[in-house]
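Visitor: mind folding the following:
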Amino acid sequence: MEVKHDIAKSFFTKNPERLEWYRQQCYQVLPNYVKDLNNLLMRLFNQHGGLHVVQPMGGCEWDDETEEVKGFAQFGYDGEDFLEWDLKTLTWIAFRPEAVIPKLLLDANKAIGKEFKFALTQIFPEQLKKFVDYGRSFLLRTELPSVSLLQKTPSSPVSCHATGFYPHRASLIWRKDGEELHEEVDHGEILPNHDGTFQMSVDLNLSSVTPEDWTRYDCVFQLSGVKEDIITKLEKDRIRTNEVKPSDMTVLVTAAVVVLALILIGAAGFIVYKKKKAISPPSYPDNSTELSERVNPET
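Guide: So this is what the prediction gives:
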């Protein structure tokens, strides 16, 4: 197992028993469930070989204001939701017909149910609270994003893109006359950046918007824990695009044609030169003395 983050490395250096618990889960406890479940699933799906993936995922969410803890455990198979643990009823939820038999088997195994309940209600919340307390200055920080307006072509939607914010509890909306828009708007997912921050975007379809009405629109970014919003007006000059303008395209095409013509002319000249050299007779010396020296070099 490789610990990625500096805070996590520091934490596990001081609490090695925590990392050992994760190792046992990954290499001893879960593999037994996954192996048995995988063999059962291949029979249920009438599969006789090939590569198949059982994906277990478990964790918890903790609200440090209300102290509410929500634990979750799920199984996926070949990239699709398969089973989910219901902490209230202490039973499993089947997401497809093939999951019914594994659900019944897991529900009947009370020992497994107790292990999941203990992990989700005791171990995970305890660890999460220690993680937050240990890395509070980093985990509870706030970073505001840079917001840009992007558009591929004049007929494309305008995308309001925010990147570099933390935490991921944020919203990005389009407004018209101060009211949030729900139609002609396409919200993207919150995605992680390589540096631990996040990015998101929301597109606005301008097909029914006249240029005179652009000033009535703005994009608003809101970050949890920050009172002030970042408001970006829909203005032509603010939109960034990678579209190649017709004039630029003409220059590029003209330059390409000139370069190609020079290459062809050079190639043609070289071919003509080679042909002339091949058919031209050898040159002879102009005077008899030079000719005699070539024929009889010793004299």
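Visitor: my guess is V69 contacts C60. True?
Guide: Yes - when contacts are counted by C-beta atoms under 8 Å, V69 is listed as touching C60 (5.7 Å). To be clear about C-beta, it is placed using only N, CA and C from the backbone, and glycine gets the same treatment.
Visitor: who touches both of these two?
Guide: P125 (C-beta atoms under 8 Å, 6 or more residues apart in numbering).
Visitor: domain-wise, how is the chain divided?
Guide: As assigned by automatic domain parsing, the chain contains the domains 6-139, 146-240.
Visitor: rebuild the ones you listed as CSV, extending it with mean pLDDT and mean neighbour count.
Guide: Shown next, in CSV, are the domains of the chain (pLDDT from 0 to 100; neighbours: other C-beta atoms under 10 Å):
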stretch, mean pLDDT, mean neighbour count
domain 6-139, 88, 14
domain 146-240, 93, 15
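Visitor: quick one: the strands in the stretch 51-200 of the chain?
Guide: 54-62, 69-77, 80-86, 91-94, 146-150, 158-165, 170-176, 179-180, 185-187, 191-192, 198-204 (DSSP state E, counting those that start in this stretch).
Visitor: next structured bit after the last one?
Guide: This means strand 198-204. strand 217-223 (DSSP states H and E).
Visitor: mind giving me the packing neighbours of that following strand?
Guide: strand 146-150, strand 158-165, strand 170-176, strand 198-204, strand 230-233 (3 or more C-beta pairs under 8 Å, 6 or more residues apart in numbering; DSSP states H and E).
Visitor: what's the closest of those strands to A99?
Guide: strand 198-204 (32.5 Å; C-beta to C-beta).
Visitor: OK, contacts around C219?
Guide: Contacts of C219 by C-beta under 8 Å, 6+ apart are V147, L149, C160, L172, I173, W174, R175, V202, L204, I231, T232, L234.
Visitor: what's across from the residue nearest to it when sequence neighbours are not counted in the sheet?
Guide: Nearest non-adjacent residue to C219, counting by C-beta to C-beta, 6 or more residues apart in numbering: C160, 3.6 Å away. C160 forms beta bridges with L149, V202, as assigned by DSSP bridges.
Visitor: with the one 5 residues further on instead?
Guide: Taking DSSP bridges as the rule, F165 bridges to F198.
Visitor: how much space between it and S146?
Guide: Going from F165 to S146 by C-beta to C-beta, to the nearest Å gives 9 Å.
Visitor: also S171?
Guide: Taken as C-beta to C-beta, the span from S171 to S146 is 17 Å.
Visitor: what about stretch 15-31, how long is it end to end?
Guide: 24 Å (C-alpha to C-alpha, to the nearest Å).
Visitor: er, stretch 183-193 I mean
Guide: Termini of stretch 183-193 sit 28 Å apart (C-alpha to C-alpha).
Visitor: please apply the same query to stretch 160-171.
Guide: Terminal residues of stretch 160-171 lie 12 Å apart, using C-alpha to C-alpha.
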